[in-house]
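J.: Pasted the sequence and its predicted model underneath.
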Amino acid sequence: MEIMEFLTVLLMVFALVMILAGIFTAYFGSGKSRTIGVILLVVGLVVGILWAYLAGMTSMVEVELGAVIWNAFLYILAGLIGVLAAVGIFLLAIMKA
């Protein structure tokens, strides 16, 4: 049971980060970077869709899987907010110096 929770969170985080990195790279990149960004985006979408499909096919009780997904989403969101705040303060401090 715990390994399924681990794999669920692992695949969800991987897909989300790949999608975000792909969007960022495709938008701000040029030439090869833009192509790499699109590839990252597609890989993230494919992994995310595959994860959603497999999550629906598992024998886990839906309530447990929903709780795992919701908790993972909240933890990821909290982590991202913390990282963005820290990077923002770092960049602000560097730019003022």
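T.: Right, received. Where do you want to start?
J.: ok, which stretches of the protein are strands?
T.: Secondary structure of the chain (DSSP state E): no strands present.
J.: in it, which helix or strand is least confident?
T.: helix 62-96 (a mean of 78; mean pLDDT, DSSP states H and E).
J.: Show me what that one is packed against.
T.: The contact analysis (3 or more CB pairs under 8 Å, 6 or more residues apart in numbering; DSSP states H and E) places helix 62-96 against helix 2-28. No exception for glycine: its C-beta is placed from N, CA and C like everyone else's.
J.: Need the contact partners of stretch 37-52.
T.: When contacts are defined by CB atoms under 8 Å, 6 or more residues apart in numbering, stretch 37-52 is touched by residues 8, 11-12, 14-27, 29.
J.: so what's the most centrally placed residue in the chain up against?
T.: With distances taken as CA atoms, centre = their mean, the residue of the chain nearest its centroid is residue 16 (2.0 Å). Residues near residue 16 by CB under 8 Å, 6+ apart: 44, 48, 76.
J.: ok, of these, which one's closest to residue 35?
T.: Lowest distance from residue 35 to the contacts of residue 16 (CB to CB) belongs to residue 44, with 15.1 Å.
J.: Tell me how far the closest residue to the closest one other than its chain neighbours lies from residue 46.
T.: Nearest residue to residue 44, sequence neighbours excluded (CB to CB, 6 or more residues apart in numbering): residue 18, at 3.0 Å. Using CB to CB, to the nearest Å, residue 18 is found at 9 Å from residue 46.
J.: Having no further points to raise, I will conclude here.
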